[in-house]
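Novice: structure, please.
(one chain, ligands or ions: 1)
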Amino acid sequence: VPTWIRGSWTYRSFFNEVDKGMLAEGQLTFEAAPDGAVRGQLAFRSDPPRSDDPRLTLAGSLESGPQQAIRFQGVGVQGTRAETWIYDYIAFHVPDWPAGHNQRDAFVGSVTRTVAHKNSQGGMNPAGQVFSFVAFRNEFPEPRNVIPLPAPVRDMLASRHHRLHHLVWHSTRNLWLNPAAVTEDNAKRITELGWAPPRPAVNRFVAPLVNNGSGQDFLFMHRQMLAEVNTGVKAAGGTPIASWKTIPAPGPVASEPQYDIPHPTLPPAGNPDGYSVPPPWYSEDEVTNQRLRTLKSDDFFWSRMRWWDRQFKDASYLSTLTLEQLGALIEWSVHNDMHMRWASIPRSEEGLPTVARPDWDIRANLWDRPQYDHLGEQYSSHVNPVFWRLHGWVDDRIEDWFAAHEQSHKGEIERIDLHAVSWFKGRWVMSIDPWTGPAMDMVMNGHHDMGRGAAMDPVASDDDSIRKMEAVIATLFPPPSSEGLAFQAEAQPSPATATVRRFSTF
Ligand SMILES: [Cu+2]
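Specialist: Reported below is the predicted structural model:
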């Protein structure tokens, strides 16, 4: 299904006359395109927005064939100054230049006034007049701008310690049984560094280990992170982040301001609530491209994600699972796919689309700035505001699981307090101390204790644990040869094509 039209665009129309230039500039948004049908809106806003600003509701269809053409009609919205307008549009998607540099996605076309309407000078604009237009794609409004985390919380999460901790925790448990990454020597080295995971998450074929307790580690570690971030949010004067109650369905990408309040503001077109699915990007790896296209499609939501959403709330199913099974089954299905569905193209320091961070590359000047919050890998995902909604959804399933067991065999699971986290013991819970990283790291550096304040300071005295985590990364992902490294150090991340090497991590 060609969905290139979906999203938010800037529209400019022009007179087709030698001595006249631009006619109008507006904002175009297009929604889902099931079976080639499209709907959307063209709005000519004043600043601040007013309820009678001209707006047209658009409906039409994508044409099949190699041209990527679209036809649509715009009908003025009742109560706006466009009330009596009807225009027809035909447009063509502009192909990519193979060697084009940062090309903006665009479509170009022709528009005609289908019925005459009054103009603002009191005269009539005649039917049949024809104009040209271009529309270019607006930047996707990133969650960090639409639903930002409080700055102190964001900066703490973006600190080197937290980035490394999250990356090293996931990487060691994901790669521990991968013989290419963790040789005998490497295992010894990582053990000396204090980072041997007691329970690997997957076997050497990357199949999740559902019965070894690693799923409990996953749930515990992230429950602790959620508690700490919400402590930080409260300390910064905010209200705790609400989890996704249901995984967000594809929704409208445009929404109107609340006009009856004193200073109405326009929700960002293309991502009004912060939960719109960012467009896929294109890497050199065709499997990744296909995975991204599929995960980001509406079909995938309705056929798969909604199903998972119900499955992991279904008491009769949950009451058959141990806590570790619940964790592993969620992590390696809906959790990983939510990460990739809501991931946006990685961006360089200048905000340009860039290559994915190479596994070995943890250079602070490139990857430690707070804007690097790519949801598709663990050095950055927890800096993204969507991470906390998504993991809130995961965390809420633990409570559903407990309630389901209480309902079907009351008393077999007991609620306990474990390292200040509300946790469980009993028949359905493996008796382990869930792994969140080296004990020393936690005690000395308070990574998981924002409440105490130490970790709010990104330059807390954590040099030693940072050096150890850097050493783990260098062991798992040896950097290229020193010549290669010197070359890379000079080169900026290339904006040409985004290569994703780490897609298997989520
Ligand atoms: Cu994580």
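
Novice: the helix or strand hosting L292 - contacts with which helices or strands?
Specialist: Here L292, judged by DSSP states H and E, is contained in helix 286-295. Applying 3 or more CB pairs under 8 Å, 6 or more residues apart in numbering; DSSP states H and E, one finds that helix 286-295 makes contact with helix 336-341. C-beta here means a position set from N, CA and C on the backbone, and glycine is covered the same way.

Novice: name the residues of the following helix or strand past the helix it packs on that come out as buried.
Specialist: Using DSSP H and E, the helix or strand that follows helix 336-341 towards the C-terminus is helix 364-367. Buried positions in helix 364-367, judged by neighbour count with 16 or more other CB atoms under 10 Å: 366-367.

Novice: again with stretch 50-67
Specialist: By neighbour count with 16+ other CB under 10 Å, stretch 50-67 contains the buried residues 53-58, 60, 62.

Novice: now those residues in a markdown table, please, with extra columns for pLDDT and secondary structure.
Specialist: A markdown table is the format used below for the buried residues of stretch 50-67 (pLDDT from 0 to 100; DSSP: H, G, I helix; E, B strand; the rest coil):
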| residue | pLDDT | secondary structure |
| --- | --- | --- |
| D53 | 95 | coil |
| P54 | 96 | coil |
| R55 | 96 | strand |
| L56 | 97 | strand |
| T57 | 96 | strand |
| L58 | 96 | strand |
| G60 | 94 | strand |
| L62 | 88 | strand |
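
Novice: now name the helix or strand holding the spatially closest residue to L175 that is not a sequence neighbour.
Specialist: Using CB to CB, 6 or more residues apart in numbering and skipping residues adjacent in sequence, the residue nearest L175 is A181, 4.2 Å away. Under the criterion DSSP H and E, no helix or strand holds A181.

Novice: contacting residues for A181?
Specialist: 175, 476-477 (CB atoms under 8 Å, 6 or more residues apart in numbering).

Novice: which one of the residues you listed is nearest to I86?
Specialist: Nearest to I86 among the contacts of A181: F477, at 59.0 Å, using CB to CB.

Novice: buried residues, the helix or strand hosting R397. List them.
Specialist: Assigned by DSSP H and E, R397 belongs to helix 385-408. If you call a residue buried by 16+ other CB under 10 Å, then helix 385-408 has these buried ones: 385-395, 397-398, 400-402, 404-405.

Novice: where are the low-confidence patches of the stretch 1-150 of the chain?
Specialist: Along the stretch 1-150 of the chain, segments meeting pLDDT under 70 span 1-2, 32-34.

Novice: which residue ranges form the helices in the stretch 151-300 of the chain?
Specialist: For the stretch 151-300 of the chain, applying DSSP state H, counting those that start in this stretch gives helices covering 151-157, 160-175, 184-192, 214-235, 286-295, 298-300.

Novice: of these, which approaches G251 most closely?
Specialist: Taking the helices of the stretch 151-300 of the chain one by one with CB to CB, helix 298-300 is closest: 10.4 Å.

Novice: so which bits of the closest one are buried?
Specialist: 298, 300.

Novice: one more: stretch 129-149?
Specialist: By neighbour count with 16+ other CB under 10 Å, stretch 129-149 contains the buried residues 131, 133-138, 140-144, 146-147, 149.

Novice: in helices, which of those residues fall?
Specialist: Secondary structure from DSSP state H places 143-144, 146 of those in helices.

Novice: alpha carbons of stretch 175-195, in CSV - could you do that?
Specialist: Extracted in CSV, the C-alpha atoms of stretch 175-195 (Å, rounded to 0.1, in the frame of the first residue of the first chain):
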residue,chain,number,x,y,z
LEU,A,175,25.1,-11.5,23.4
TRP,A,176,26.3,-13.7,26.3
LEU,A,177,25.6,-16.9,24.4
ASN,A,178,26.7,-15.5,21.0
PRO,A,179,30.0,-17.2,20.3
ALA,A,180,31.1,-14.6,17.8
ALA,A,181,30.7,-11.7,20.3
VAL,A,182,31.6,-13.5,23.6
THR,A,183,34.5,-15.8,23.2
GLU,A,184,36.0,-17.5,26.2
ASP,A,185,38.5,-14.7,26.7
ASN,A,186,35.8,-12.1,26.3
ALA,A,187,33.6,-13.8,28.9
LYS,A,188,36.5,-13.8,31.3
ARG,A,189,37.2,-10.1,30.7
ILE,A,190,33.5,-9.1,31.1
THR,A,191,33.3,-11.2,34.3
GLU,A,192,36.3,-9.4,35.7
LEU,A,193,34.7,-6.1,34.9
GLY,A,194,31.7,-7.1,36.9
TRP,A,195,29.2,-7.4,34.0
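
Novice: backbone dihedrals for Y282, please?
Specialist: Backbone torsions for Y282, taken as degrees, to the nearest 10, come to phi -120, psi 120.

Novice: shouldn't it be in contact with R293?
Specialist: No. Counting by CB atoms under 8 Å, Y282 stays clear of R293, with 9.4 Å between them.

Novice: hmm, back to that, ok, and what's touching the helix holding L292?
Specialist: Helix 286-295 is contacted from outside by 280-283, 300, 337, 340-341, 343, 500, 503, using CB under 8 Å, 6+ apart.

Novice: any stretches of this structure with poor pLDDT?
Specialist: Short version for the chain, where the test is pLDDT under 70: 1-2, 32-34, 348-354, 440-461, 482-505.

Novice: change it to 50
Specialist: 1, 443-460, 488-489, 491-504 (pLDDT under 50).

Novice: please, where are all the strands along it?
Specialist: Ranges of strands within the chain are 7-15, 22-30, 37-43, 55-62, 69-76, 86-93, 106-113, 117-118, 124-125, 130-137, 413-418, 421-426, based on DSSP state E.

Novice: in stretch 313-329, which residues are buried?
Specialist: Quick answer for stretch 313-329 (16+ other CB under 10 Å): 313, 317-319, 321-329.

Novice: just the terminal-to-terminal distance for it.
Specialist: 13 Å (CA to CA, to the nearest Å).

Novice: and stretch 302-320, end to end?
Specialist: One end of stretch 302-320 sits 25 Å from the other (CA to CA).

Novice: how far is that stretch from where the chain is centred?
Specialist: Here the centre of stretch 302-320 is set off from its chain's centre by 22 Å, with CA atoms, centre = their mean, to the nearest Å.

Novice: how far off centre is stretch 100-113?
Specialist: Worked out by CA atoms, centre = their mean, stretch 100-113 lies 27 Å from the chain centre.

Novice: in it, what's buried?
Specialist: In terms of neighbour count (16+ other CB under 10 Å), stretch 100-113 has its buried residues at 107, 109, 111, 113.

Novice: residues in contact with it?
Specialist: 4-5, 9, 13, 68, 70, 85-94, 96-97, 125-137, 352-353, 495.
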